[in-house]
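**Student:** Pasting a predicted model and its sequence here:
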Amino acid sequence: MKATKIFYVFLLFATHLAFGQADLLEWTKVSGTTIKAKFIRADANTVTLFMKGRNFDVKLSDLKPDSQALARKLSNPGPSIEPKAAVKEKKSFPEIRVTKADWGGASLRDIGKVLNSSARQLWPHASQEELKPIIVDRSRTGPIVLFRRGNEGQYIVRLDTHKTFWSQYAFQFSHEFCHIICGYKAGDQSNQWFEESLCETASLFAMRRMRKEWEEKPPYPNWKSYAPALEKYAQERLDSHAWPDSLTVAEWYDRNKEKLKENPTDREKNTTIATKLLPFFEQRPGNWGAVAFLNVHKTKASRSFSIYLADWRRACKLARDKEFVGKLAKMFGVEKS
């Protein structure tokens, strides 16, 4: 039995645990065998324990009643860790389902923890009350959220990453999640570069905030040390796309607008623009509420960037969101009177 083999691996390394004795608990199997390991998590059927730098899953049914009771008691997490508790003003936190795919050995549960954490940085500020479930699958041709939806309206997101590259998971998913809260849809691509730049901004925004969340309330206690790597991943992108000091945003846009139309997913240019958009959202995260109205007036008809922003502003319901869009139009030098 796989669970039995895992349990004996625990025994083999029990005297060489990396954690201090204060972190260790005794777990007794129905056979009478006892080990010492750190509790990580538990659900209705399984308890995950940490030993020798690794997590191991053990069936609750293989443990004695007192060990089962201990697992259930410890599995009651603080409400602030759960997505629904973190989003007070929303009806429900989006359900994120990670499919069984070749994730290079990363567990579906761990991937889900990372994706939920990244979504938590944006969702509280989004205007939507609820979303259809998000199905996350593996891609080998770049991350994407499909226009095609599931049979019940589910969003389908594909991530091009694997193993335990948590920063890549977070960065890619935040970008695609931003498309979802932007109300993405097919149509004219003349100004798609701006939505792509917004979504690059969302990734930078989410990862810089994830660092703080993981330092205070990481998905698992032993993941706390990974927190600085999240911000570092974002900061390296910012540092490598420093804004040319000699140009205003309006001047830069005027020089690059034709290339942006031709290639809306030019990540070099998207990230360069994101360095100027990011302060708007970090200074006032509520500005993410405006992006829900970005594509309200999108059709197949081509629009100038000036009209595009004017339509977005007109679609916004709150005065503060209209004001925000107006500031962006002014920054890009396309403000309409």
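**Tutor:** Looks like it came in fine. Numbering: from 1, shown residues only.
**Student:** ok, now how distant is the residue nearest to the spatial centre of the chain from Ala310?
**Tutor:** Central residue of the chain (Cα atoms, centre = their mean): Ser118, 2.4 Å from the mean position. According to Cβ to Cβ, to the nearest Å, Ser118 and Ala310 sit 32 Å apart. Where you see a C-beta, it was placed from the backbone N, CA and C, and this is true even at glycine.
**Student:** Pull the distance from stretch 261-272 to the chain's centre.
**Tutor:** From the chain centre to the centre of stretch 261-272 is a distance of 21 Å (Cα atoms, centre = their mean, to the nearest Å).
**Student:** got the buried residues for that stretch?
**Tutor:** Of the residues in stretch 261-272, Pro264, Asp266, Lys269, Asn270, Thr271, Thr272 count as buried by neighbour count, 16 or more other Cβ atoms under 10 Å.
**Student:** Which single one of those residues is nearest to Cys178?
**Tutor:** Checking the buried residues of stretch 261-272 against Cys178 by Cβ to Cβ gives Asn270 as the nearest, at 11.7 Å.
**Student:** Surely the closest one and Phe194 touch.
**Tutor:** No: counting by Cβ atoms under 8 Å, Asn270 does not reach Phe194; the two are 9.2 Å apart.
**Student:** From the contact counts, what lies against the biggest strand by length in the chain?
**Tutor:** Longest strand in the chain, counting residues (DSSP state E): strand 34-42. Counting contacts by 3 or more Cβ pairs under 8 Å, 6 or more residues apart in numbering; DSSP states H and E, strand 34-42 packs against helix 2-12, strand 25-28, strand 46-51, helix 65-74.
**Student:** Out of these, which gets the lowest mean score?
**Tutor:** Of all these, the minimum mean pLDDT falls on helix 2-12 (a mean of 43).
**Student:** Would you list the phi and psi of Val296?
**Tutor:** Note on Val296: its backbone torsions stand at phi -60, psi -40 [degrees, to the nearest 10].
**Student:** That one: neighbour count?
**Tutor:** Residues contacting Val296 under the criterion other Cβ atoms under 10 Å number 13.
**Student:** Mind splitting this protein into its structural domains?
**Tutor:** Following automatic domain parsing, the chain resolves into domains at 2-76, 78-337.
**Student:** The stretch 51-200 of the chain: strands as residue ranges?
**Tutor:** For the stretch 51-200 of the chain, the strands defined by DSSP state E, counting those that start in this stretch occupy 54-59, 96-98, 134-138, 144-145, 155-159.
**Student:** So for Lys185, which of those sits nearest?
**Tutor:** Proximity to Lys185 (Cβ to Cβ) singles out strand 144-145 among these, at 11.1 Å.
**Student:** Relative to Leu70, how far out is Leu49?
**Tutor:** Leu49 is 11 Å from Leu70, by Cβ to Cβ.
**Student:** Distance from the chain centre to the longest strand of the chain, please.
**Tutor:** How far strand 34-42 lies from its chain's middle: 28 Å, per Cα atoms, centre = their mean.
**Student:** Then stretch 316-336?
**Tutor:** Mean-position distance between stretch 316-336 and its chain equals 27 Å (Cα atoms, centre = their mean).
**Student:** ditto for stretch 283-298
**Tutor:** For stretch 283-298, the distance to the chain centre is 18 Å (Cα atoms, centre = their mean).
**Student:** Give me the mean pLDDT for stretch 171-179.
**Tutor:** 98.
**Student:** Number of residues surrounding Ser304?
**Tutor:** There are 13 residues near Ser304, going by other Cβ under 10 Å.
**Student:** who are the neighbours in contact with it?
**Tutor:** Ser190, Val334 (Cβ atoms under 8 Å, 6 or more residues apart in numbering).
**Student:** State the pLDDT value of it.
**Tutor:** For Ser304, the pLDDT comes out at 96.
**Student:** quick one on the thing from earlier: parallel or antiparallel, list what pairs with the longest strand of the chain.
**Tutor:** strand 25-28 (antiparallel), strand 46-51 (antiparallel) (DSSP bridges).
**Student:** Check the gap between the residue lying closest to Leu60 once chain neighbours are set aside and Val58 for me.
**Tutor:** Among residues not flanking Leu60 along the chain, Gln68 sits closest, at 5.0 Å (Cβ to Cβ, 6 or more residues apart in numbering). Distance of Gln68 to Val58, given as Cβ to Cβ: 10 Å.
**Student:** Looking at those two now, which is surrounded by more residues?
**Tutor:** Neighbours per residue, other Cβ under 10 Å: of Gln68 and Val58, the larger number sits with Val58, 23 against 19.
**Student:** Quick one: end-to-end distance for stretch 148-166.
**Tutor:** Its first and final residues considered, stretch 148-166 spans 27 Å by Cα to Cα, to the nearest Å.
**Student:** Please disregard the earlier target; I meant stretch 232-249.
**Tutor:** Terminal residues of stretch 232-249 are spaced 26 Å apart (Cα to Cα).
**Student:** and if you look at stretch 210-229?
**Tutor:** Stretch 210-229 has its terminal residues 10 Å apart, counting by Cα to Cα.
**Student:** List the buried residues of that stretch.
**Tutor:** Buried residues in stretch 210-229, counted by 16+ other Cβ under 10 Å: Met210, Arg211, Glu213, Trp214, Pro218, Pro219, Tyr220, Asn222, Trp223, Tyr226, Ala227.
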